[in-house]
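Colleague: Just to be clear, the model below is a prediction. Sequence and coordinates:
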Amino acid sequence: MSIQRLYTAKATATGGRDGRAISSDNVIDLPLSTPKEMGGPGKANSTNPEQLFAAGYAACFDGALNLVARLAKTPITGSTVAADVSFGKDGDSYGLAVDLKVNLPGFEQARAEELVAQAHQVCPYSRATRGNIEVNLSTTTNG
């Protein structure tokens with residue numbers, strides 16, 4: 001598969017899970033630390049790959065959600081997407097699982113679920129992970 005590249009994000013990590021991650025423009029310059037739950041030091045004021053992935057997936061999914069809503073002429077205001085990224089054992093190896101919790105205030109539940117399902121088909125993170133990791137969607141309409 002080949003895509004027409006519109007933008008390329010660049011980042012470099014050194015030191016693995018207990019090192020540092022820096023974007024090419026230095027906007028992201030973060031210390032990394034393995035969480036205590038995974039046997040690491042869980043240093044304060046540091047992040048980890050799962051948190052970074054969760055932030056990226058949540059932002060991308062909300063963007064896809066707003067795109068499908070706009071194309072359906074169904075304006076969205078105040079949508080939120082929370083991504084819980086879990087790291088765990090997968091047989092003899094390790095893997096990820098993602099729970100995406102989407103809130104579309106003021107929508108009827110069925111319509112909100114339709115938009116979320118459409119966004120899941122469009123979102124580049126969802127497309128990249130499809131068939132590779134467990135992704136669970138939940139939709140609420142709390143105002």
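Modeller: Received, thanks. Residues are numbered from 1 along each chain as shown.
Colleague: okay, now residue 38: neighbour count?
Modeller: Number of residues near residue 38 (other C-beta atoms under 10 Å) recorded here: 13. For glycine as for every other residue, the C-beta is placed from the backbone atoms N, C-alpha and C.
Colleague: How about the one 5 residues further on?
Modeller: Using other C-beta under 10 Å as the criterion, residue 43 is surrounded by 15 other residues.
Colleague: just the one 10 residues further on next, same as before
Modeller: Residues within reach of residue 53, counting by other C-beta under 10 Å, total 17.
Colleague: right, and it touches residue 97 too?
Modeller: No. If you go by C-beta atoms under 8 Å, residue 53 and residue 97 don't touch, sitting 11.5 Å apart.
Colleague: what touches both of the two?
Modeller: residue 85 (C-beta atoms under 8 Å, 6 or more residues apart in numbering).
Colleague: Quick check: residue 122 touching residue 63?
Modeller: No. Residue 122 is beyond contact range of residue 63, at 9.3 Å (criterion: C-beta under 8 Å).
Colleague: who touches the residue nearest to the spatial centre of the chain in this structure?
Modeller: The residue lying closest to the centre of the chain (C-alpha atoms, centre = their mean) is residue 57, at 1.7 Å. Residues in contact with residue 57 (C-beta under 8 Å, 6+ apart) are 83, 85, 98, 100, 125.
Colleague: Out of these, the closest to residue 44 would be?
Modeller: residue 85 (20.2 Å; C-beta to C-beta).
Colleague: helix or strand right after the lengthiest helix in the chain?
Modeller: If you go by DSSP state H, the chain has its longest helix at helix 49-71. Sequence-wise, the next helix or strand downstream of helix 49-71 (DSSP states H and E) is strand 80-90.
Colleague: Sheet partners, orientation included, of the helix or strand just after that following strand?
Modeller: Next helix or strand after strand 80-90 toward the C-terminus (DSSP H and E): strand 93-103. If you go by DSSP bridges, strand 93-103 pairs up with strand 80-90 (antiparallel), strand 134-140 (parallel).
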